[in-house]
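Engineer: fold the following and give me the result.
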Amino acid sequence: MNNVAFHVDLHVHSNKSDGSLAPAELVWLAAEKGLSAFALTDHDTTDGISEALEAAEEYNRKLAEGSLPPLSSGREPLPLEVIPGIEFSTEYEGKDIHIVGLYIDYEAPFFRKQIQSFVDSRIARNRKMCANLNGAGIDISYEKLLDAFPGSVITRGHYSRYLLEHGYVKSMPEAFDRYLGDHTKYFVPREKVTPAQAVELILKAGGLPILAHPILYHMSDTRLDRLVQGLKEAGLIGIEAIYSTYSAAEERQIRTLAAKYGLCLSGGSDFHGSTKPNLEMGTGYGKLYIPEDILTRLKEKLHNRD
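Structural biologist: A predicted model of the protein is given here:
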């Protein structure tokens, strides 16, 4: 067993935000993919964590008892860890910046209260966006979105699927181009915390704050360096250096930035199920590989910090 190379995925979404699979389904998919751990990091919500943890407990119990049915992938089943996480949407100099939290105490009262404030803000924003779209002749309401996507925290991904399924657009990119993008007249921005505030909140909840997919922000090197420096001062622990869409050069760039500021490396597929076609859990678009050593170092930081 010591010679087996385990791999993990530290950025995964369920249908509790804008993914397509239930948290329990993710557990079994992770097992099929041969993962030893994955982090459930839904957008601004922790609603799916209990379900994922319970499903993992059942899976591991059956594995220990020898009652686990054979995996359809033909892989030998491995013990599986589910990491309680979240992905906060924040704003920095007009850009949407995402901060992932790993190993958060998602049941802490102060944390649940803060999450609820985010939910309330998102609901108010969604009602305004629906009113704007109504003005464009689209038959939509917040209640209809909830009916179409029960149990989900409604995001623009849900709007795009609703518009596509009801024939208002021919593709999800068209939905963003015409109706949902930041620069359309129908878009309503949501109140957001700053990246530093998200880092502080995650630390207060006992978690590890990680800057998610920094390459996707399309910042200049100088601006990105300034962001990372400021977040390091706020308590940032890690940075997503391994990601589904990175080129080899981009991964090297973020690894160098991590080394400069003494940050742990993290990595994830950003799996959303059918919401992001052809992007697989654990392997991204086919070449993603996040060794378990990445998680081991993050755990060491979790256990050794003051």
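Engineer: low pLDDT regions in the stretch 1-150 of the chain?
Structural biologist: 1-5 (pLDDT under 70).
Engineer: now do the strands in it.
Structural biologist: 7-12, 35-40, 81-92, 95-102 (DSSP state E, counting those that start in this stretch).
Engineer: of all those, which one is nearest E143?
Structural biologist: The closest of these to E143 is strand 81-92. By C-beta to C-beta, the value is 23.3 Å. For glycine as for every other residue, the C-beta is placed from the backbone atoms N, C-alpha and C.
Engineer: so what secondary structure elements neighbour that closest one?
Structural biologist: With contacts taken as 3 or more C-beta pairs under 8 Å, 6 or more residues apart in numbering; DSSP states H and E, strand 81-92 sits against strand 7-12, strand 35-40, helix 49-65, strand 95-102, helix 195-204.
Engineer: could these go into TSV alongside distance to L279 and mean neighbour count?
Structural biologist: As requested, the helices and strands packed on strand 81-92 are arranged in TSV below (distance: least, C-beta to C-beta, whole Å; neighbours: other C-beta atoms under 10 Å):
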stretch	distance to L279	mean neighbour count
strand 7-12	11	27
strand 35-40	14	26
helix 49-65	19	17
strand 95-102	16	22
helix 195-204	24	21
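Engineer: go through those and name the closest to P84.
Structural biologist: When those are compared by C-beta to C-beta, helix 49-65 sits nearest P84, at 4.8 Å.
Engineer: quick one, that closest one and strand 35-40 angle?
Structural biologist: 170 degrees (axes from the mean of the first three to the mean of the last three C-alpha atoms, to 10 degrees).
Engineer: just the angle between helix 49-65 and strand 7-12, please?
Structural biologist: Using the same axes, to 10 degrees: helix 49-65 against strand 7-12 is 160 degrees.
Engineer: just the helices in the protein please.
Structural biologist: 23-33, 49-65, 109-134, 142-148, 156-165, 172-175, 195-204, 221-234, 248-261, 292-304 (DSSP state H).
Engineer: okay if I get the ones you listed as TSV plus distance to T90?
Structural biologist: Listed next are the helices of the chain as TSV, based on distance: least, C-beta to C-beta, whole Å:
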stretch	distance to T90
helix 23-33	24
helix 49-65	20
helix 109-134	11
helix 142-148	23
helix 156-165	16
helix 172-175	24
helix 195-204	5
helix 221-234	10
helix 248-261	18
helix 292-304	21
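Engineer: which one, of the ones you listed, ends up nearest to E91?
Structural biologist: Once these are compared by C-beta to C-beta, helix 195-204 is nearest, at 8.1 Å.
Engineer: and that closest one, average pLDDT?
Structural biologist: Averaged over helix 195-204, pLDDT sits at 97.
Engineer: go on, stretch 251-264?
Structural biologist: For stretch 251-264, the per-residue pLDDT averages 98.
Engineer: tell me which residues of that stretch come out buried.
Structural biologist: The neighbour-count check on stretch 251-264 (16 or more other C-beta atoms under 10 Å) flags 251, 253-254, 257-258, 263-264 as buried.
Engineer: equivalent analysis for stretch 130-145, please.
Structural biologist: 130, 132-133, 138, 140, 142, 145.
Engineer: also stretch 108-123?
Structural biologist: 111, 114-115, 118, 122.
Engineer: and those residues as CSV, adding distance to E300?
Structural biologist: Formatted as CSV, these follow (distance: C-beta to C-beta, whole Å):
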residue, distance to E300
F111, 24
Q114, 27
I115, 28
F118, 30
R122, 35
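Engineer: nearest to K33 among those residues?
Structural biologist: I115 (28.6 Å).
Engineer: pairing partners for the residue lying closest to Y217 once chain neighbours are set aside in the sheet, please.
Structural biologist: Distances taken as C-beta to C-beta, 6 or more residues apart in numbering put K95 closest to Y217, at 5.6 Å, once the chain neighbours are dropped. Counting by DSSP bridges, K95 is bridged to Y92.
Engineer: quick check: K95 touching S220?
Structural biologist: No - contact criterion C-beta atoms under 8 Å: K95 and S220 do not qualify, at 11.8 Å.
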